[in-house]
Structures are given as structure tokens and as C-alpha cells.
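>>> coordinates only, no sequence provided:
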């Protein structure tokens, strides 16, 4: 049975890649041939091997054997650190789902677990009439929501969860990421999220802990459905 997930975030810069890498380590520790995927990435660097994205490289490193070619992990690599629809337009590129799906399907041939990381928040535009949220909806991927634990996270988390469900996707669980170690009333906020989000908490990632070490704190058995 394939275990495929889409990792969404309450915003940009809240640790989707960190959580995705942690999830990959947890899946591998559970005996799965797991790999990550970043279908669309902006802010990529030029290298002798072509464009590379820091987040996609982290996913590649966190995955297991067989190691896929970079282009399958990150089919659309855009140079400017902008919203994908703007970065793509500046390059004369149109982002479409079929090439992304082809790369995903190829990853699924060699891996029984694929973690697909989104870009920015839930409703980031990729192209005219196409949003990042269409990837999990079209591919029928369960969604894992990463909540950046900081002031304002309650509203961001609840609104994103509502949008996920309204779009016809299944929220399978959520992960809290302590991006602000000095957050006031952190435990009370976490308790509120546990009470109000319509999916189980898979774990709370400590601040400054590497994914390989943080993976032990994830509860894969709690994934809904």
C-alpha cells in the first residue's frame, strides 16, 4: 500500500521542509522506501548541474534508496525568490499539472512512500487559474498541515484547515513546529490546536532539533484514515 502525503503550511517560512524531512526519516525508520518531492520551487541557485533548490536538496538527502534524479524531486525550478506564478511568468514558463504528475508517478514506481511538499501557503498561485492546492486535490493526496508555532498561529491554522476541507481534501494530521522558542503560552496554544483542529496531532517538533533526531517524536500511527 502506497503512503503518499501532501505537506501544506500555514504560511511561508514555517518549516514545511523541516517537517517533511522529519516525516521522511520517520517513514524510513518504519521500514518504508520513502522519498520527498518539491514539485515547484522558486529561489533556485545556478550550479554546474543545473538549477538546484535548497529545500528540494534537503528532501533528496532525507529520502532513502533508490535515490531519484533531481529533476523528479523538483520538476519546476525557478530562479527568482517570488511567488511561483510571478517567477514563472518572468521566465516565460507556464506551470501545468501533467509534467508534475508524471514525475510523481515515476517516484511512486520505486518508492512506497512519497512526501510531496507544497510551496508557501495553501492558496499560492502557480499559474493563471492554477493554485498549489490543486496538487493534492487532483492527485487525491491526504494533507498534513504544518503549523508554525508563533503568535497568530491559531487563526492561520484554523483557516487553512477550513480551506483544505472546503477544497475536498482530507486533512490527515498536523505537525506543530516550534519556530519561536520564546512563544508566550506555547503549551496553551498547542492545547487549543489539539482541541480545534479536525485532525490528530502527529507531533510537536522541538526548536533546533535535526529531522533525523526529531523523527522519533512523530506518531505515524495517528494519521487519520
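Arrived safely, thanks for sending. No experiment lies behind these values; they were computed from the predicted model shown.
>>> run through the bridge partners of residue 41.
Residue 41 has the following beta-bridge partners by DSSP bridges: residue 77.
>>> and it, what does it touch?
Taking Cβ atoms under 8 Å, 6 or more residues apart in numbering as the contact definition, residue 41 lies against 53, 55-56, 74, 76-78, 119. Heads up, the C-betas are built off the backbone N, CA and C, glycines and all.
>>> now, among the residues you listed, which is nearest to residue 162?
When the contacts of residue 41 are compared for distance to residue 162, the smallest value, 20.1 Å, is given by residue 119; criterion: Cβ to Cβ.
>>> and the helices in the protein?
Counting by DSSP state H, the chain forms helices over residues 16-29, 54-62, 70-73, 84-91, 97-110, 134-139, 153-166, 186-196, 211-214, given from the N-terminal end onward.
>>> related to what we said a few turns ago, out of the contacts of residue 41, which is nearest to residue 187?
Ranked by distance to residue 187 (Cβ to Cβ), those are led by residue 55 at 29.1 Å.
>>> ok, now how distant is the residue lying farthest from the centre of the chain from residue 57?
With distances taken from the mean C-alpha point of the chain and given as Cα atoms, centre = their mean, the most distant residue is residue 48, at 27.0 Å. Residue 48 is 14 Å from residue 57, where distance means Cβ to Cβ, to the nearest Å.
>>> perfect, that will be all.
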